[in-house]
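>>> give me coordinates for this.
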Amino acid sequence: MEFTITALNGDSVRVESDNWLIAMGKALGFFDVEPDAVVRLQCSRAEDGSMEVREEVAGLGWYVRAVESAVSVSASSRSQKEQWAPIHVHKHRDDFDPDAPAPDLSMPDPTLQPQDAETIAERLFDLSMEIDAMGEEQAADAALDIARGATAAESAVVALGTLDQPHLRVVAARGTGAARIFGRSVNFGEGLVGMCFDMSDVIVVHDVDAGTPHVDPLGDEGHASLSVLCVPLVDEDFTARGVIQLLNPSSRPFLQSDVDVVQTVAKALAQSLSNR
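This next block holds a predicted model:
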């Protein structure tokens with residue numbers, strides 16, 4: 001998929017990526033922005049459907065728009081910038097009275113508190129920028145923490161492996177029995193994790209029957225598996241590299257928004273593994 005990232009000064013670049021967030025990360029180098037300069041991103045959807053990304057500390061901002069094109073276009077130097085004409089706003093001044101008093105300034109509410117917690121978008125952005133420098137298990141840990149935090153899942157694992165290996169292996173685990181789950185092997189086609197790997201497709205199961213035999217890695221660790229989400233790790237070459245599995249989000253089934261976030265995390269992790 002292709003995205004156009006446009007800075008506030010009109011400079012623009014097209015980037016090919018799986019999603020807008022990773023595209024934004026790739027575009028920073030084009031705009032001569034170091035990753036360390038990005039302290040806190042504020043992301044919101046504009047009226048035209050594009051994503052507005054602001055970095056208030058450095059005073060930076062961009063608009064990210066998805067584009068459909070049969071031709072892959074990407075910029076490799078500053079000479080390939082697309083210059084967008086500035087948008088001039090004309091205000092009617094017929095009613096302007098130079099002698100009228102200036103309106104009172106409204107001060108911000110002193111009771112407002114700063115937002116300390118990172119948003120999911122910020123954590124995904126940080127992951128896309130840092131994951132390639134991490135070791136394999138460290139990258140899996142970072143991805144799992146974001147996926148579990150976004151879905152409020154009771155337990156979660158990342159199992160890695162390819163068809164060139166004899167089985168999948170759990171390299172990251174969180175929740176009940178995590179210490180015993182870590183390092184376990186999962187055969188291809190075994191349980192929901194193995195099935196998800198074989199199919200390379202998302203599996204969501206709600207209202208799991210407590211009497212149904214459960215052969216997944218978390219199955220014998222005291223869980224009542226009410227809701228299960230499995231997302232495959234598939235890179236840009238469509239090579240399966242593992243599975244993220246999450247169990248039992250807090251007080252609700254898994255939602256489509258949960259699936260979207262975990263798929264974004266899975267794509268970032270899979271591509272990082274592919275690049276090694």
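>>> rest of the way, CA atoms for contacts and neighbours
Fine.
>>> now do Pro147: how many residues are near it, please.
Residue 147: Ala, not Pro. Ala147: 26 surrounding residues under other C-alpha atoms under 10 Å.
>>> I figured it was touching Asp260, is that so?
No. Taking contacts as C-alpha atoms under 8 Å, Ala147 lies outside contact range of Asp260: 10.2 Å.
>>> what about the helices in the protein?
For the chain, the helices defined by DSSP state H cover 20-27, 120-130, 136-151, 178-181, 191-199, 256-274.
>>> in the protein, which helix or strand is least confident?
strand 82-83 (a mean of 46; mean pLDDT, DSSP states H and E).
>>> what are the ranges of the strands in the stretch 101-250 of the chain?
Using DSSP state E, counting those that start in this stretch, the strands of the stretch 101-250 of the chain run over 153-160, 168-174, 185-186, 203-206, 227-234, 240-249.
>>> rewinding a little: which stretch in the helices of the chain has the least confidence?
Ranked on mean pLDDT, the bottom entry among those is helix 120-130, at a mean of 73.
>>> circling back to that earlier point, what's the closest of the helices of the chain to Ala172?
Nearest of those to Ala172, taken as C-alpha to C-alpha: helix 136-151 at 5.5 Å.
>>> just checking, what packs against the closest one?
Counting contacts by 3 or more C-alpha pairs under 8 Å, 6 or more residues apart in numbering; DSSP states H and E, the secondary-structure elements packed against helix 136-151 are helix 120-130, strand 153-160, strand 168-174, strand 240-249, helix 256-274.
>>> now, of these, which is deepest in the fold?
Comparing the helices and strands packed on helix 136-151 by mean neighbour count (mean count of other C-alpha atoms under 10 Å), strand 240-249 comes out on top with a mean of 27.
>>> report the inter-axis angle for that one versus helix 136-151.
If you take axes from the mean of the first three to the mean of the last three C-alpha atoms, to 10 degrees, strand 240-249 sits at 40 degrees to helix 136-151.
>>> so what secondary structure elements neighbour strand 240-249?
Counting contacts by 3+ C-alpha pairs under 8 Å, 6+ apart, the secondary-structure elements packed against strand 240-249 are helix 136-151, strand 153-160, helix 191-199, strand 227-234, helix 256-274.
>>> pull the number of nearby residues for Asp164.
When neighbours are defined as other C-alpha under 10 Å, Asp164 has 6 of them.
>>> scratch that, Asp198 is what I was asking about
By other C-alpha under 10 Å, 16 other residues sit near Asp198.
>>> same check on the one 4 residues further on?
Counted with other C-alpha under 10 Å, residues neighbouring Val202 total 19.
>>> just Gly61 next, same as before
For Gly61, the number of neighbouring residues by other C-alpha under 10 Å comes to 17.
>>> how about it, what does it touch?
Gly61 makes contact with Ala7, Leu8, Glu52, Val53, Arg54, Glu55, according to C-alpha atoms under 8 Å, 6 or more residues apart in numbering.
>>> quick check: chain neighbours aside, which residue is closest to it?
Nearest residue to Gly61, sequence neighbours excluded (C-alpha to C-alpha, 6 or more residues apart in numbering): Arg54, at 4.3 Å.
>>> look up how far Val205 lies from that neighbour.
Counting by C-alpha to C-alpha, to the nearest Å, the gap from Arg54 to Val205 is 37 Å.
>>> quick one, which of these two is more surrounded?
Taking other C-alpha under 10 Å, Arg54 and Val205 do not tie; Arg54 has more neighbours (19 against 15).
>>> thought that one was touching Leu60?
Yes. Contact criterion C-alpha under 8 Å: Arg54 and Leu60 qualify, at 5.9 Å.
>>> could you dump the helices and strands packed on strand 240-249 to a markdown table with distance to Asp18?
Rendered in a markdown table, the data for these read as follows (distance: least, C-alpha to C-alpha, whole Å):
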| stretch | distance to Asp18 |
| --- | --- |
| helix 136-151 | 16 |
| strand 153-160 | 21 |
| helix 191-199 | 20 |
| strand 227-234 | 11 |
| helix 256-274 | 8 |
